[in-house]
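Next input, structure requested:
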Amino acid sequence: NRLATEVSALLRASIRADDQVKAKNNLEQEISTNEEDIDELENHLKEARFVLAESERKYEDINRKYANLDAESQRAAQRADDEDKKILELEEELKVVGSNLQQLEVSEEKALEREETYQKQISELMKRLKNAETQAENSEMNIQRLNIRIDRIEDELIHEKLKIKAISDDVDGTFKQMEYA
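This is a model prediction of the structure:
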């Protein structure tokens, strides 16, 4: 029965979409964890160089995850479009088949509910994608601030080393003068 096949295909597509939503939720949890790690790194200026390398690595992960989320969102939108086409085909069959009208109306209602669910899921995916973009931008700004702080600390370190060198040269000169005296 073609209707049963279509309904079965819709069910499989729904399960795949649910799996994608679960995978997306896991990715969002990882993104949230990365943002907390970046905030913690700001509190450890003592380890600034190590923190910078770690932050850059996490930023690349976020970009990679963002690209994956974007691709998943596009695939989900395509699947939803495909499901919409299948629903339209089912609706046309419902018009043709008169004897099974009640059964087909129930199937149509279920298909429309799935369509609404897919639309809600797509909307939710888009919101989450926007949140991931915002988090990636925030992470990039945090990395830039850390780079500026590291540059300033390195400049101060070089300045202090030059002071120590000058004092050491003065002390060496004093010792040499004392030897000759």
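
Thr117 and Val21, how far apart?
10 Å (CB to CB, to the nearest Å). The C-beta positions use only the backbone N, C-alpha and C, and glycine is treated the same way.

and if you look at Lys85?
Taken as CB to CB, the span from Lys85 to Val21 is 21 Å.

Kindly report the same for Ala111.
Ala111 is 19 Å from Val21, by CB to CB.

Let me see the mean pLDDT of whichever strand or helix holds Leu129.
Using DSSP states H and E, the element containing Leu129 is helix 101-180. Mean per-residue pLDDT for helix 101-180: 91.

Leaving out chain neighbours, which residue sits closest to Glu84?
To be clear, residue 84 is Asp; Glu isn't right here. Glu115 (6.4 Å; CB to CB, 6 or more residues apart in numbering).

One more: Asn142?
Asn142's closest residue in space is Ile38 (CB to CB, 6+ apart), at 5.0 Å.

Over to Met126?
Ser73 (6.6 Å).

Span of stretch 33-53 from start to end?
Stretch 33-53 has its terminal residues 17 Å apart, counting by CA to CA, to the nearest Å.

Moving C-terminal from the host helix or strand of Glu6, which element do we reach first?
Secondary structure from DSSP H and E places Glu6 in helix 2-42. Next helix or strand after helix 2-42 toward the C-terminus (DSSP H and E): helix 48-96.

give me the number of residues near Asp82?
By the criterion of other CB atoms under 10 Å, Asp82 has 12 neighbours.

pLDDT value on it, please?
For Asp82, pLDDT reads 91.

now it, nearest residue through space, not along the chain?
Ala13 (7.6 Å).

how close does that neighbour sit to Leu88?
Ala13 is 15 Å from Leu88, by CB to CB.

And those two? Which one has more around it.
Between Ala13 and Leu88, counted using other CB under 10 Å, Ala13 has the larger neighbour count: 17 against 11.

Just want to check the distance between Ile31 and Thr134.
From Ile31 to Thr134 the distance is 10 Å (CB to CB).

Mind checking which of these two has more residues around it?
Using other CB under 10 Å as the criterion, Ile31 and Thr134 rank with Ile31 on top: 21 against 10.

give me every residue that touches the more buried one.
62, 65, 132, 135 (CB atoms under 8 Å, 6 or more residues apart in numbering).

Skipping adjacent residues, who's closest to the first one in space?
It stands for Ile62. Nearest non-adjacent residue to Ile62, counting by CB to CB, 6+ apart: Ala136, 4.9 Å away.
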